[in-house]
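1. The sequence and its predicted three-dimensional model are supplied below.
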Amino acid sequence: MEVKYPEIGICGLSCRLCPRYHTEGPNRCGGCKTESRMSAGCPFMTCALKKKGVEFCGECQENGTCERWQNHRNAGKAADSFKCYQKLEDDIAFIRKNGTDAFEKIQKARE
């Protein structure tokens, strides 16, 4: 499958706003759709990219009922200090309403 948006995580997070995305050296994260991360075995990558052929969980037919994805979003809101997790629901809603291109444009400006 062709990855069109490597800087947007499968769950909807913006890699461009992550400090590890901008780190130099071995701790740098190039995003969850990079080859090194794809081989890590993330359940979202396995399900979305490999099994269902969608780039984002939000594109999946089961996104409204997927317990794993809902738990991921809820855990991020409740316990993660990373700002992108706090806005994940809003970002997903924005992507659904305005499209991924519009979201990526905003994230580039915010970066």
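-> Now that the structure is in, tell me what you want to look at.
2. What residue in this protein is the furthest from its centre?
-> Most distant residue from the mean C-alpha position of the chain: Gly25, 22.1 Å away (CA atoms, centre = their mean).
3. Tell me the confidence at it?
-> Looking at Gly25, its pLDDT stands at 86.
4. lowest-confidence helix or strand of the protein?
-> helix 83-86 (a mean of 66; mean pLDDT, DSSP states H and E).
5. Can you name the next helix or strand after it?
-> Note on helix 83-86: by DSSP states H and E, the next helix or strand toward the C-terminus is helix 88-98.
6. Return the distance of that next one from the chain's centre.
-> From the chain centre to the centre of helix 88-98 is a distance of 12 Å (CA atoms, centre = their mean, to the nearest Å).
7. Identify each buried residue in it, please.
-> By neighbour count on 16 or more other CB atoms under 10 Å, the buried set for helix 88-98 is 88, 91-92, 94-95. For every residue, glycine as well, the C-beta is placed using N, CA and C.
8. Serialize these to JSON lines and add fields for pLDDT and distance to Gln70.
-> Formatted as JSON lines, those follow (pLDDT from 0 to 100; distance: CB to CB, whole Å):
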{"residue": "Leu88", "pLDDT": "77", "distance to Gln70": "11"}
{"residue": "Asp91", "pLDDT": "82", "distance to Gln70": "15"}
{"residue": "Ile92", "pLDDT": "81", "distance to Gln70": "11"}
{"residue": "Phe94", "pLDDT": "88", "distance to Gln70": "18"}
{"residue": "Ile95", "pLDDT": "86", "distance to Gln70": "17"}
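9. before we move on, the earlier item: distance of the residue farthest from the centre of the chain relative to Thr46?
-> Gly25 is 28 Å from Thr46, where distance means CB to CB, to the nearest Å.
10. Thanks a lot, see you next time.
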